[in-house]
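Asks: Return atomic coordinates for the entry below.
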Amino acid sequence: MNSKPMSNSFLLFFSLFFIPLIFKDVFEYKLFLSGTFFEIIVFQSIIIADTDFFIYGFFILLGRDSVLTIHDSRAWKQKAMAFVTRCHRHLWGKNNEDPLVFLYHQGLTHDFIRQMHLGWNKHAQQRDLTKWGLSDPEDDLSRFLLPPGIVLPCIVEKNLQSVAILAMNSGCPPCLVPGSRHDIILGDGSRPPVLCDDILTGLQKLQASGTPVRLHLN
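Replies: From the prediction side, this is the model:
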């Protein structure tokens, strides 16, 4: 006898109330990205009993604001500088056409890109909070995410203060690496900086006039 297809509302009800009974493996991921704490719970799909009914699995995504604090500034600077240096090398390494074309279309020259020590994080990476000298005040988070994109370090008097990552996809806001200062000054401190609310616009102004630029990122 052929059974009737189950409705979406029934599947939702079934999933919410009976998942603990039918899913034996649960994977939980806790990430930090752009000032938001994400908890992702993924349930592995299985076949129920001897029926033809199959669950493909799904995830629950919860977001909340969170502020990570630095408990070891030396560890943070070492990890952040290693990340910046590696990304800078990737930008000038193999298969780097896309990020260089992106920066070229923004009007940035190769000399200026090198001068600002811009880099490229090709793939998203998860990093351990403790190894980066970071901690979550709510003691709920153990890892954070470094998304792919153009990497912009803020170095003042040879001191790395902030690292921002700018996605090459239009419309995506920049990501500030946890532990970074929110106020970023690009250029030297010989003149008062001009305020700017966009990373690329700030880089263009700095390249064109040499005037320092001040940005505030969340």
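Asks: Wait, V177 touches I165, no?
Replies: Yes: checked against C-beta atoms under 8 Å, the pair V177 and I165 is within contact range at 6.8 Å. No exception for glycine: its C-beta is placed from N, CA and C like everyone else's.
Asks: Quickly list what's touching both of the two.
Replies: Common contacts of V177 and I165, defined by C-beta atoms under 8 Å, 6 or more residues apart in numbering, comprise L146.
Asks: So L152 belongs to a strand, correct?
Replies: Yes: note on L152: a strand contains this position according to DSSP: H, G, I helix; E, B strand; the rest coil.
Asks: Just list the residues touching it, thanks.
Replies: Taking C-beta under 8 Å, 6+ apart as the criterion, L152 is in contact with M116, L118, V163, A164, I165, L166, I199, L203.
Asks: can you put those residues in a markdown table and add neighbour count and secondary structure?
Replies: Putting the contacts of L152 into a markdown table (neighbours: other C-beta atoms under 10 Å; DSSP: H, G, I helix; E, B strand; the rest coil) gives the following:
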| residue | neighbour count | secondary structure |
| --- | --- | --- |
| M116 | 19 | coil |
| L118 | 23 | coil |
| V163 | 27 | strand |
| A164 | 19 | strand |
| I165 | 26 | strand |
| L166 | 22 | strand |
| I199 | 21 | helix |
| L203 | 26 | helix |
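Asks: Just give me the closest of these to P193.
Replies: Of all the contacts of L152, the one sitting nearest P193 is L203; the distance, using C-beta to C-beta, is 13.1 Å.
Asks: so who does the closest one touch?
Replies: Contacts for L203 (C-beta under 8 Å, 6+ apart) come out as Q106, L108, F112, M116, L152, L186, V213.
Asks: swap the cut-off to 7 Å and go again
Replies: Applying C-beta atoms under 7 Å, 6 or more residues apart in numbering to L203 gives the contacts L108, M116, L186.
Asks: burial count for the closest residue to the last one other than its chain neighbours?
Replies: The spatial neighbour of L186 that comes closest, neighbours along the chain excluded (C-beta to C-beta, 6 or more residues apart in numbering), is V213 at 4.5 Å. Residue crowding around V213 was assessed by other C-beta atoms under 10 Å; the count is 21.
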